[in-house]
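>>> Okay, predicted coordinates and the sequence, questions at the end:
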Amino acid sequence: MKHIYLDYAATSPVHPEVFAAMKPYYESQFGNPSSIHHFGRQARRGLDESRELIAKAIGASFDEIIFTSGGTEADNLAIIGYATAHKEKGNHLITTKIEHHGVLHAFEFLEKQGFAVTYIDVDESGVVSPFEISNALRDDTILVSCMLGNNEVGTVQPVKTISELLSEHEAVLHTDAVQAFGMEVINVDELGVDFLAVSGHKLNGPKGIGFLYARKGLVFSPLLHGGEQERKRRAGTENVAAVIGLQKAVELSIENIDEKRSLYEGYRQEILKVFKEQNIQYEVNGSSNHYLPHILNVSFPGLSVESLLMNLDLEGVAVSSGSACTAGSIDPSHVLTAMFKDESRSHSAIRFSFGYGLTIDDVKEAAIRTAKVIHRLMK
Amino acid sequence: MIYFDNSATTKPYKEVVETYIKTASEYFGNPSSLHPLGKASERLLNQARELGATYLNVLPKEVYFTSGGTEGNNIAIKGTARLHKSRGRHLITTNIEHPSSLEAFQQLESEGFEVTYLEVDENGVITTNQVAAAIKSNTILVSIIHVNNEVGSILPINGIGQLLTNYPKILFHVDHVQGFGKVPLRFYEDKVDLCTISAHKFHGLKGNGILYIRDGVRVEPLMSGGKQERGNRPGTENVPGVVAMIKALRLSLQASKKNVESMEKMNRWIEKECFDLDGVVINSPTMRAPHILNMSVIGVKPEVVVQALAEKDIYVSTKSACSSKQSEPSKVLEAMGFDNDRSSTSIRLSFTYENTMEEAMLFVQAFSSTVETLKKVVEKK
């Protein structure tokens, strides 16, 4: 039986071109970029070029890109770093109830440090109202954080509108773009964000690397102290090969966004078509207007997620019940809980997510196997 | 090519790179995922942790994977100090720590902690007695570099560890980044509570490290997020990087067993040959790690020496890579009491297991002619 991986939102395999780009930096250009000799300069050049290209890819400038160990660190650096550095300016922070734990738990940490945090609700489609955010603004609000695309249900948040509503306020805006990157066209100026976090392994890049965009001039405290790397905003010997891989992944992920979107849109429709043909009762969770096409979250009324996952596993279909980072726990997803008061809906939800290398035949086959499992469980 | 800058970074072993690519291709699942691909990654991660623990003679649950030495030192120092600040706010370290420790302490000072920086002697070491004398009733942490990265001095970890057994409330962190695989450290016998190592210093890949945290010792994490690394270090685990690191760990320990003595001989031989050169002074103490040799070419800018040698395809460094861009004198050499002429002209040689006596001879040849030429240029001015 062929195993079918439909969990690209949890992590994605490294693209062969990414490996190819990284390899020389393990084999011959292995120097420490801080070294002044040939090997150091080679590594430095690769690092600088990658920084330049990534900056360009999102309409930012060279100095606005800070390489981190991944999405969690980038989110933490923006949120904890900015809030701590500006606490004398204000004590209030705003975020949403559907953020990734790398964001949500950073805010909970700040609450323990004495900050006041407002967590904005979402509607049933998992969308944040920009007006609720602007209503929550106080004179002492210093930071607003709203993700660009939700990792569990794929809803795309009105970050641009939020930014416009913030234009008269001194609060800065952070967005966690980990899941949206490569699926939405991102230009930091058009989006109007001050911070933006991206992770490599969601884009067919390596694990252990990510970046934070930080608008020029913004002051924030580093999480890691030490050497002069990343202009003192992130100490530690730069992970050069991974940065090179990240750059390649960024490049590949934005070169054909339209094609990818229509491809994955087709995959969604295929799954739903099979469900309809097989008379499966289902409800799609998330917005029907603004969503990331590579994420499809579906509830199957009357079924429990545990038995669904177990049986899909036996059928060789790898999906997820929510974000990977919370999948280990049996608690219902905080995202679905925020969307629905209905506990059974969040308890019967499965996330299908698509990515590089997946074919329509695999998707169809996975949908048929899923339908089979559901029929069996409904008996 | 002669690469004598292994304290800045090492070339990853071929097997390590192969392991990395194989793991990243075949085990790309997220260890937190429940499906077989996720489970397979999780198993691999656990195996790597168990193997790593075996090589380090500790328990698997005492091994925490980090993004490298800087993060390890930062979690150990800031994480313990912040968590235990209600118990006391006094911290002890030395004046020759790596910037990732030093700057972490400076950050803590700005948060209201009091830090004692013990001063090293002309050999670049402190004594156990200095630590004993600095301990106060509110001391909560002692953090000491095991092998200094610039001069290779070896600090008395065992003595300090034994001393601290009399102070069960004081935690003991060791920055073992330069020492690993070169100078043995026994985590349990030396009474170490926390210990940092970094993969790219022992032929692993950059972006990976281990923080050992003794069972029962707690830290406040620097980041918040998922439950990875038992909550102490959230973020999707870099499984291929970790597996590659454990491979490097094993290969380095093997190579160390086999070659550390010849590395030391080579180090001593270069020292002896360079000692005789006019205008060259040895800065490293006699008692030092086998892989580091620091010397000064008095009157010649160290960058010039580094570049002149590079033209002959020999790679050495000025001081530590992390601070090599600053043209200031070395803080470590100043701390050892050397004058400005000496502490602003130092170069560092750092070896690895695969370096050979033949390379050492070629180096000495090239170095002596370089020094002679450069000295003439300087004297003419």
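Yes, it's here.

>>> quick one, strands of chain A?
Listed in chain order, the strands of chain A (DSSP state E) span A:4-5, A:65-68, A:92-96, A:116-120, A:141-145, A:172-176, A:195-199, A:210-214, A:283-285, A:295-299, A:317-318, A:349-353.

>>> Looking at these, which is nearest to chain B?
Checking the strands of chain A against chain B by Cβ to the nearest Cβ gives strand A:317-318 as the closest, at 3.7 Å. Quick note: C-beta positions are derived from backbone N, CA and C, even for glycine.

>>> Pairing partners for that closest one, with directions?
According to DSSP bridges, strand A:317-318 has the following sheet partners: strand A:4-5 (parallel).

>>> Output the strands of chain A as CSV; include the columns mean neighbour count and mean pLDDT.
Output for these, formatted as CSV (neighbours: other Cβ atoms under 10 Å in any protein chain shown; pLDDT from 0 to 100):
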stretch, mean neighbour count, mean pLDDT
strand A:4-5, 24, 97
strand A:65-68, 27, 98
strand A:92-96, 25, 98
strand A:116-120, 17, 98
strand A:141-145, 25, 98
strand A:172-176, 28, 98
strand A:195-199, 31, 98
strand A:210-214, 28, 98
strand A:283-285, 20, 97
strand A:295-299, 25, 97
strand A:317-318, 26, 96
strand A:349-353, 26, 96
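
>>> Tell me which residues touch the closest residue to A:Asn187 other than its chain neighbours, please.
Nearest residue to A:Asn187, sequence neighbours excluded (Cβ to Cβ, 6 or more residues apart in numbering or on different chains): A:Gly59, at 3.9 Å. The contact partners of A:Gly59, by Cβ atoms under 8 Å, 6 or more residues apart in numbering or on different chains, come to A:186-190.

>>> repeat for A:Val284
Neighbouring residues of A:Val284 by Cβ under 8 Å, 6+ apart: A:272, A:296-298.

>>> And it, how far from A:Lys364?
Distance of A:Val284 to A:Lys364, given as Cβ to Cβ, to the nearest Å: 18 Å.

>>> just B:Gly112 next, same as before
Separation of B:Gly112 from A:Lys364 (Cβ to Cβ) stands at 62 Å.

>>> Name the residue in those two with the higher neighbour count.
Per other Cβ atoms under 10 Å in any protein chain shown, whichever of B:Gly112 and A:Lys364 has more neighbours is A:Lys364, with 16 against 8.

>>> What is the lengthiest helix in chain B packed up against?
Among the segments of chain B that qualify as a helix by DSSP state H, the longest is helix B:239-275. If you count contacts as 3 or more Cβ pairs under 8 Å, 6 or more residues apart in numbering or on different chains; DSSP states H and E, helix B:239-275 packs onto helix B:14-26, helix B:36-56, strand B:280-282, strand B:292-297, helix B:357-380.

>>> List the neighbouring strands of the shortest one plus their orientation.
For strand B:280-282, the pairing partners within the sheet under DSSP bridges are strand B:292-297 (antiparallel).

>>> Show me what from the stretch 51-200 of chain B comes close to chain A.
Contact residues, the stretch 51-200 of chain B versus chain A (Cβ under 8 Å from any Cβ of the partner chain): B:67-71, B:73-74, B:78, B:98-104, B:106-107, B:198, B:200.

>>> Just the buried subset of those, please.
Buried residues within those, defined by neighbour count using 16 or more other Cβ atoms under 10 Å in any protein chain shown: B:67-71, B:73-74, B:78, B:98-104, B:107, B:198, B:200.

>>> For A:Glu88, give its distance to A:Ile142.
Applying Cβ to Cβ to A:Glu88 and A:Ile142 gives a distance of 10 Å.

>>> what sits against the closest residue to A:Ser262 other than its chain neighbours?
Distance criterion Cβ to Cβ, 6+ apart; nearest residue to A:Ser262, sequence neighbours excluded, is A:Pro293 at 8.0 Å. Going by Cβ under 8 Å, 6+ apart, A:Pro293 touches A:154, A:183, A:260-262, A:264-265, A:267-268, A:354.

>>> Any quick PyMOL command for the buried ones out of those?
Of the contacts of A:Pro293, the buried ones go into a single PyMOL selection, burial set by 16+ other Cβ under 10 Å:
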select buried, chain A and resi 154+183+260+261+264+267+268+354
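
>>> Out of the contacts of A:Pro293, which is nearest to chain B?
Closest approach between the contacts of A:Pro293 and chain B, by Cβ to the nearest Cβ: A:Phe354, at 15.1 Å.

>>> Tell me, how many residues neighbour A:Leu6?
By other Cβ under 10 Å, 27 other residues sit near A:Leu6.

>>> Check B:Asn158 too.
When neighbours are counted by other Cβ under 10 Å, B:Asn158 registers 15.

>>> How are the strands of the stretch 51-200 of chain B distributed by residue range?
Taking DSSP state E, counting those that start in this stretch, the strands of the stretch 51-200 of chain B run over residues B:63-66, B:90-94, B:114-118, B:139-145, B:171-175, B:194-198.

>>> Identify the spatial nearest neighbour of A:Asn285, chain neighbours not counted.
Distances taken as Cβ to Cβ, 6+ apart put A:Asn297 closest to A:Asn285, at 4.2 Å, once the chain neighbours are dropped.

>>> What sits closest to residue 84 if chain neighbours are left out?
In the absence of a named chain, chain A is used. A:Ser221 (4.7 Å).

>>> actually it's chain B I care about, not the one you picked
Take B:His84 and drop its neighbours on the chain: the residue closest to it by Cβ to Cβ, 6+ apart is B:Ile140, 4.7 Å away.

>>> which residues does that neighbour contact?
Shown in contact with B:Ile140 (Cβ under 8 Å, 6+ apart): B:80-81, B:84-85, B:87-91, B:169-171.

>>> run the last query once more with 7 Å
The contact partners of B:Ile140, taken as Cβ atoms under 7 Å, 6 or more residues apart in numbering or on different chains, are B:81, B:84, B:87-88, B:90-91, B:169-171.

>>> go on, A:Ala74?
Listed by Cβ under 7 Å, 6+ apart, the contact partners of A:Ala74 are A:68, A:197-198, A:210-212.

>>> Redo these as JSON lines? Include distance to B:Phe4.
Converted to JSON lines, the contacts of A:Ala74 look like this (distance: Cβ to Cβ, whole Å):
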{"residue": "A:Thr68", "distance to B:Phe4": "31"}
{"residue": "A:Ala197", "distance to B:Phe4": "39"}
{"residue": "A:Val198", "distance to B:Phe4": "38"}
{"residue": "A:Gly210", "distance to B:Phe4": "33"}
{"residue": "A:Phe211", "distance to B:Phe4": "33"}
{"residue": "A:Leu212", "distance to B:Phe4": "35"}
